[in-house]
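In: Please find the sequence and the predicted model below.
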Amino acid sequence: MADSFAEKAVWDDLSNIPADPPRMRDICRKCERPVPVCWCSALPPQPLVPKSRIILLQHPAEEKRALRTAPMLSVGLAPGKCLIYKGKKFPKFDSELEAILADEKSLLLYPSINSIPIEQLDLSQGPFNLVLIDGTWPQAKAIYTSSSILHGMRQAKLVRSGNSNYIIRTQPTDGCLSTLETAVEALSILEQDDSYKEQLLRPLHALCQFQLNNGAVTHQSKEFLIKHNQYPKLIGKRLNRLLRNAENLQDHEGEAEIKH
């Protein structure tokens, strides 16, 4: 008797499954997000046309992230001003990308020991191809390590970047920025025009505000949580290194300000 009741319950559940597949939400053709959470209304009225261009070397896992920021660059800038190449190793037999990376006007934004502050560049040598690695820090480091062509490039870094406005995502340390914020900050320096930051960051603000309005919470960096004894996990070696590097950078900047 119990078996017959269980069998009937199963059949009742199956009979309630709709014959047609569920209706998918309408997708915006420009940002490829569901229309109710589309951020395209926050984009510049017309795509911006900088002299320099952005080249993103994107880890394949980034494409699966629902809240990624790279698309805000690709649609906020004019066609040809933001090129995206996907992979874990570059140039990966791509002759066009290989030519870009070998160009003397190409600049890799990466915090290596050979990087110079981007503010110290001779801007008369531009316009530049600004190359960024799009992925988490471990993914970016793996791409850099496996792509030997990147090692010989001119390299620059952002020294004073402030904290991220991407407040719905946890950053490793204070001062870490999203791909969009890093590119926009560097581009505004190369173009000597702060309006790039003002206009290209609006979609990020719109995205964060929508998420906060629908239950998301503001995220502090792991560095902040650790300093305030709020981090719930054990600290690994990689995060320890990041925190030490951040502290060393702050100490170095403090000494430089005192000397000046």
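Out: Alright, I've got the coordinates.

In: Tell me who's in contact with the residue nearest to Arg53 when sequence neighbours are not counted.
Out: In space, Arg53 comes closest to Lys81 once its chain neighbours are excluded; the distance is 4.7 Å by Cβ to Cβ, 6 or more residues apart in numbering. For every residue, glycine as well, the C-beta is placed using N, CA and C. Applying Cβ atoms under 8 Å, 6 or more residues apart in numbering, we find Lys81 in contact with 47-50, 53-54.

In: Where do the helices of this structure begin and end?
Out: Along the chain, the segments classed as helices by DSSP state H run 2-15, 70-76, 95-102, 137-146, 148-151, 179-191, 195-200, 202-213, 222-227, 237-259.

In: and Leu150, what does it touch?
Out: With contacts taken as Cβ under 8 Å, 6+ apart, Leu150 has the following neighbours: 90, 101, 108, 110, 131, 143-144.

In: ok, the residues you listed vs Ser41, which is closest?
Out: Within the set of the contacts of Leu150, Val131 lies nearest Ser41; the separation is 30.1 Å, counting by Cβ to Cβ.

In: is that closest one in a bridge, and if so with what?
Out: Using DSSP bridges, the bridge partners assigned to Val131 are Ile55, Leu108.

In: Cross-check the contact I'm expecting between it and Arg53.
Out: No: proximity of Val131 to Arg53 does not meet the contact threshold set by Cβ atoms under 8 Å, at 9.9 Å.

In: So for those two, which sits in the more crowded spot?
Out: Comparing Val131 with Arg53 by neighbour count (other Cβ atoms under 10 Å), the higher total belongs to Val131, at 27 against 20.

In: pLDDT below threshold where in the stretch 51-200 of the chain?
Out: For the stretch 51-200 of the chain, applying pLDDT under 70 flags the ranges 160-162, 166-175.

In: thinking again about what came up before, so among the contacts of Lys81, which ones count as buried?
Out: Buried members of these, scored by 16 or more other Cβ atoms under 10 Å, are 48, 50, 53-54.

In: what's the closest of those to Lys30?
Out: The closest of those to Lys30 turns out to be Leu48 (Cβ to Cβ; 15.1 Å).

In: Next step: the buried ones among the contacts of Lys81 restricted to strands.
Out: The strands in this structure, assigned by DSSP state E, contain 53-54 from these.

In: wait, which of the buried ones among the contacts of Lys81 is closest to Glu185?
Out: Here the nearest of the buried ones among the contacts of Lys81 to Glu185, counting by Cβ to Cβ, is Ile54; it sits at 11.8 Å.

In: List the residues that contact that closest one.
Out: 73, 77, 81-83, 130, 132, 183, 187.

In: Just send the residues you listed back as CSV, with distance to Gly215 too.
Out: Formatted as CSV, the contacts of Ile54 follow (distance: Cβ to Cβ, whole Å):
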residue, distance to Gly215
Leu73, 27
Leu77, 32
Lys81, 35
Cys82, 31
Leu83, 36
Leu130, 36
Leu132, 31
Ala183, 29
Leu187, 33
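
In: Which one of those is nearest to Gln209?
Out: The closest of those, once distances to Gln209 are taken by Cβ to Cβ, is Leu73, at 19.3 Å.
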